[in-house]
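Chemist: need a structure here:
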Amino acid sequence: MTKDPNNPCLFCNSKESGIAHQNDLAYASYDSYPVSDLHCLIIPKRHIKDYFDLNNDELIACNELIKIVKQEIITKDKSVKASNLGTNIGKISGQSIMHCHIHLIPRREGDVANPQGGVRSVIPKNQYYKH
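Modeler: Below is the predicted model:
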């Protein structure tokens, strides 16, 4: 039987999720199922559904952690030359844990054959620009 990460909420228990960095309103945790090495999640401590429920203080707190983690990643791994930053909002977008979290995904040259379109690849037929 698969454990439901929403009951109880995995991200409400930062000790279980793991804390790489934190401030009063948010924490950063390296992803248990990383898309790439050093993929990190930035998670508000308050249980809220998604990015649009963040208040301004939480937005600032999350942004501060994003910048700290980004610097840590490029210090740890000189092959990281870019990143994707994003959040899934709602089940239809792919959100599986219904507690707001922001993905910081390190990117390395050659990690995919053609990176054009980046986050546009969430809908594969629209990933590449049509000229």
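Chemist: Under a three-state scheme, what state does the nearest residue to Gly18 once chain neighbours are set aside occupy?
Modeler: Across the structure, with C-beta to C-beta, 6 or more residues apart in numbering as the measure, the residue nearest Gly18 apart from its sequence neighbours is Ser29 (4.8 Å). C-beta: built from backbone N, CA, C; applies to glycine. With DSSP: H, G, I helix; E, B strand; the rest coil as the basis, Ser29 sits in strand.
Chemist: for Ser29, what are its contacts?
Modeler: The neighbours of Ser29, taking C-beta atoms under 8 Å, 6 or more residues apart in numbering as the test, are Ser14, Ser17, Gly18, Ile19, Ala20, Cys40, Leu41, Ile43.
Chemist: which residues does it bridge with?
Modeler: Counting by DSSP bridges, Ser29 forms beta bridges with Leu41.
Chemist: Select from the contacts of Ser29 every entry located in strands.
Modeler: For those, the ones inside strands are Cys40, Leu41, Ile43, with DSSP state E as the criterion.
Chemist: ok, Pro5 to Met98 distance?
Modeler: Taking C-beta to C-beta, to the nearest Å as the criterion, Pro5 is separated from Met98 by 9 Å.
Chemist: do Gly90 as well
Modeler: 9 Å.
Chemist: now Asn6
Modeler: Asn6 sits 5 Å away from Met98 when distances are taken as C-beta to C-beta.
Chemist: Quick check on those two: which one has the bigger neighbour count.
Modeler: Each of Asn6 and Met98 had its neighbours counted (other C-beta atoms under 10 Å), and the higher figure belongs to Met98 (17 against 13).
Chemist: pretty sure that one is in a strand, no?
Modeler: No - assessed by three-state DSSP, Met98 does not belong to a strand; its assignment is coil.
Chemist: In terms of pLDDT, where does Met1 sit?
Modeler: Model confidence at Met1, given as pLDDT, is 60.
Chemist: now swap in the one 5 residues further on and tell me
Modeler: Each residue has a pLDDT score; the one for Asn6 is 94.
Chemist: so who does it touch?
Modeler: With contacts defined as C-beta under 8 Å, 6+ apart, the neighbours of Asn6 are Ile97, Met98, His99.
Chemist: Give me the nearest residue to the residue nearest to the spatial centre of the chain, chain neighbours excluded.
Modeler: Note on the chain: the residue nearest the mean C-alpha position is His103, at 1.0 Å, using C-alpha atoms, centre = their mean. Take His103 and drop its neighbours on the chain: the residue closest to it by C-beta to C-beta, 6+ apart is Gly86, 5.5 Å away.
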